[in-house]
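S.K.: Sequence first, then the predicted structure:
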Amino acid sequence: MTNHEIAKILFEMAALWDMLGVEFKPRSYEKAAEGVEGHGDSLTEAYKKNGIKGLLEVPGVGKGIAGHIEELLKTGHYKEYEELKKKIPVDISNLMRVQGLGPKNIKTLWEKLEIRNLDDLERAAKAQKIRALRQFGQKSEEKILRGIEFLKQSGGRQLLGVLLPEIRDLEKRITSFPEVERAAFAGSARRRKETVGDIDLLAVSSKPEAVVDRFLALPEIDHVYGKGPTKINVRLKNGVDADLRIVPAESFGAALCYFTGSKDHNIKLREIAIKKGLKLNEYGLFKGNKRVSGRTEDELYRTLGLSYVEPELRESAGEIEAAREGRLPDLVGYEDLKGDLQVQTNWTDGEDTIEAMVDAAERYGLQYIAITDHTKSLAMTGGADEAKLLKQMAAIDQINRKLRKQKRNFRVLKGAEVNIQKDGSLDIADEVLGKLDVVGVAVHSHFNLTREEQTRRVLRAIENPNADIFFHPTARSIQRREPIALDMDEVIRAAKRAGTVLEIDSLPDRLDLKDEYIRRCVESGVRMCIDSDSHSVSHFQYLELGIGQARRGWATKKDIVNTLPVDEFLSSLKGSPQRRRE
DNA sequence: GCCGTTTTCGGCCCGACTGTTTTCAGTCG
């Protein structure tokens, strides 16, 4: 059973308790579901290894829910859930996805109209049966139909890398309104989560109504869900929802914090406020009616007795405690990278020449890149064999000579993205690998091996003395392909033993390693690198996403090898300098 | 049902907005 499947049942339980009017339980189940969903390790495995103790390690899961999960894993059944489902046999998870429908309304729709799923809901709404219900009306009915339509069209979250440019564009346009002093985007995009559900925007103005009017006039807006004097909620033509909130300058910090989230982080801040006899909301931190803080986030955190928490850390994952004790990490910065260690060119499946990639990387502010074209067993990309690699090395030597002559402070490293074969061996001869500056190894096939087989295969590759970096370790593709089944703790231990660097691949749909594994590497002292995996000159911009992910994993500059200047970087690789002789 | 630098019992964030209501429940973030 996957974590996702377990989490789904717990989410449904939360809704079911809500329908029954039970207090506090819903929130507990919800929190447990979130904990399970976000847990990197399979609970099935954790339970096999450590029994109920393994389950209790998940945040939000206590004795009660751990017992239910155990029952589910052991017997495939969960009695209480099945009984509640018998009482209210509806497709809760899908119905909850309709904007404006929550547990209470779903219960009413089931009791009065026997609506069980989205199809029933759509039929009833189209037949105008819903408007006749108490507490519903024509507008609710129309809203439900729009919600169903929206689900059919887009359905869910989009990749951060896809939305970020559009979010920044909106931010810029709002900033340019004459009544606006300043504007900022917040929400999960500011926390650099890998996917974004909707766009949260914040503006400072003393004329909020005028800002609302100007925002409404933007051509991007498709539909207005709701608007008030300081708040507006719309759907954009690109299919994404956006919220704009307008606050006075003295509330900007508090509003930015509130709007950035995460929700759990905010709740913890508010609890700290309560304990200090204060009240925290989006307008500021208050003692009675007196605002004591809130103009900037920095000030707000300090008043609460905390050091400033970077947005990427605000996931209620220990950052509050660390902020209280002054032991937050000094995160790797967005300007800290000096090199990029995974770059493809038109020698295989990249679009551009080595020279073009060099120019683009230099413009981006880098000092070195490794050219890492695919190798031969990845035939569809025109992967290089030994002879082609040797030829490319000669070409790179020539480019470096030219760069030196032009007095450019830039170096091209000879590398490859070497394919890991099914048995964990590499598809290029050791003798040639030994001539490269940087050897990356990667999984591009046999994604469906068992966890034991896959882990064994990957360990063999990591332990290969020629393998400097393990590229995109879990081979996931967000919203498209599941990660390969790996015992990540084993992988991290092996990387530590062998001195192999683990990569954070920055492509919008990879972001692999993901935040949770990055944090484990940081804790284990395993070094990582942040690469763009560029296949064209425009892809270096994605490095920002990888850096964001690294920050979400609490990584500092010293955890990331390509923050080093080129010579220091090269001599930090395993086996060097013996293996590499110029 | 969870959780703990005020607690192993007694709490559990806070406000905006909608739609249906004549004062508020439900949803959302």
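M.R.: That came in fine, so what should we check first?
S.K.: Report the buried residues of the helix or strand containing A:Glu5.
M.R.: A:Glu5 belongs to helix A:3-19 when elements are defined using DSSP states H and E. Across helix A:3-19, burial judged by 16 or more other CB atoms under 10 Å covers A:3, A:6-19. The way it works is simple: take the backbone N, C-alpha and C, and place the C-beta from them, glycine included.
S.K.: tell me the least confident of those residues?
M.R.: Across the buried residues of helix A:3-19, the bottom pLDDT score, 87, is held by A:Asn3.
S.K.: Pretty sure A:Gly399 sits against A:Val412.
M.R.: Quick fix: residue A:399 reads Ile, not Gly. Yes. At 5.4 Å, A:Ile399 counts as touching A:Val412 under the criterion of CB atoms under 8 Å.
S.K.: For those two, list the residues in contact with both.
M.R.: Common neighbours of A:Ile399 and A:Val412 (criterion: CB atoms under 8 Å, 6 or more residues apart in numbering): A:354, A:358.
S.K.: Neighbour count for these two, which is higher?
M.R.: Per other CB atoms under 10 Å, whichever of A:Ile399 and A:Val412 has more neighbours is A:Val412, with 24 against 17.
S.K.: And the buried residues of helix A:3-19, which two are furthest apart?
M.R.: The span of these, defined through CB to CB, is set by A:Asn3 and A:Met19 at 24.6 Å.
S.K.: Which secondary structure elements does the strand ranked longest in chain A sit against?
M.R.: When chain A is parsed with DSSP state E, its longest strand is strand A:411-419. Secondary-structure packing of strand A:411-419 (3 or more CB pairs under 8 Å, 6 or more residues apart in numbering; DSSP states H and E): strand A:339-343, strand A:368-371, helix A:386-405, strand A:438-442, helix A:566-572.
S.K.: ok, the residue of the stretch 1-150 of chain A found nearest DNA strand B to A:Val234 distance?
M.R.: Closest contact between the stretch 1-150 of chain A and DNA strand B, by CB to the nearest atom of the strand, is at A:Gly137 (1.9 Å). Distance, A:Gly137 to A:Val234, using CB to CB, to the nearest Å: 22 Å.
S.K.: Same question for A:Tyr542.
M.R.: Remark: distance between A:Tyr542 and A:Val234 (CB to CB) = 28 Å.
S.K.: ok, now A:His77?
M.R.: 44 Å.
S.K.: about what we covered before: quick one: residues contacting the residue of the stretch 1-150 of chain A closest to DNA strand B.
M.R.: A:Arg131.
S.K.: how about 10 Å then?
M.R.: Applying CB atoms under 10 Å, 6 or more residues apart in numbering to A:Gly137 gives the contacts A:130-131, A:143.
S.K.: got it, and A:Ala416?
M.R.: Neighbours of A:Ala416 in contact, by CB under 10 Å, 6+ apart: A:348, A:370-375, A:383-384, A:388-389, A:392-393, A:426-428, A:432-433, A:436-442.
S.K.: returning to what we had before: can you narrow the buried residues of helix A:3-19 to ones near DNA strand B?
M.R.: Near DNA strand B, judged by CB under 7 Å from any atom of the strand, the entries from the buried residues of helix A:3-19 are A:Asp18.
S.K.: Which of the buried residues of helix A:3-19 sits closest to A:Thr230?
M.R.: For the buried residues of helix A:3-19, the residue nearest A:Thr230 by CB to CB is A:Asp18; the value is 28.9 Å.
S.K.: Just give the nearest non-adjacent residue to A:Ala186, would you?
M.R.: The shortest distance from A:Ala186 to any non-neighbouring residue, by CB to CB, 6 or more residues apart in numbering, is to A:Phe259 (3.8 Å).
S.K.: so that neighbour, which of the three states?
M.R.: Put simply, A:Phe259 is helix when judged by DSSP: H, G, I helix; E, B strand; the rest coil.
S.K.: Pull the number of nearby residues for the residue in the stretch 451-582 of chain A positioned nearest to DNA strand B.
M.R.: Proximity to DNA strand B, evaluated over the stretch 451-582 of chain A using CB to the nearest atom of the strand, is greatest for A:Glu516 at 17.1 Å. Around A:Glu516 there are 16 other residues, counting by other CB under 10 Å.
S.K.: Where does it sit, in terms of helix or strand?
M.R.: A:Glu516 belongs to helix A:515-524, assigned by DSSP H and E.
S.K.: The helix or strand that that helix is followed by - what's its average pLDDT?
M.R.: Where DSSP H and E defines the elements, the next helix or strand beyond helix A:515-524 is strand A:528-531. Mean pLDDT, strand A:528-531: 98.
S.K.: Next secondary structure after strand A:528-531?
M.R.: As assigned by DSSP H and E, the chain's next helix or strand after strand A:528-531 is helix A:543-552.
S.K.: From the chain's centre, how far out is that following helix? Work that out for me.
M.R.: 9 Å (CA atoms, centre = their mean, to the nearest Å).
S.K.: what is the orientation angle of it with strand A:339-343?
M.R.: Helix A:543-552 and strand A:339-343 meet at an angle of 110 degrees, taking axes from the mean of the first three to the mean of the last three CA atoms, to 10 degrees as the criterion.
S.K.: And helix A:543-552, what does it pack against?
M.R.: Applying 3 or more CB pairs under 10 Å, 6 or more residues apart in numbering; DSSP states H and E, we find helix A:543-552 packed against helix A:160-175, helix A:354-364, strand A:501-505, helix A:515-524, strand A:528-531.
S.K.: Please identify the most buried of these.
M.R.: strand A:528-531 (a mean of 30; mean count of other CB atoms under 10 Å).
S.K.: related to what we said a few turns ago, do me a favour and average the pLDDT over the longest strand of chain A.
M.R.: 95.
S.K.: Equivalent analysis for stretch A:214-224, please.
M.R.: On average, the pLDDT along stretch A:214-224 is 91.
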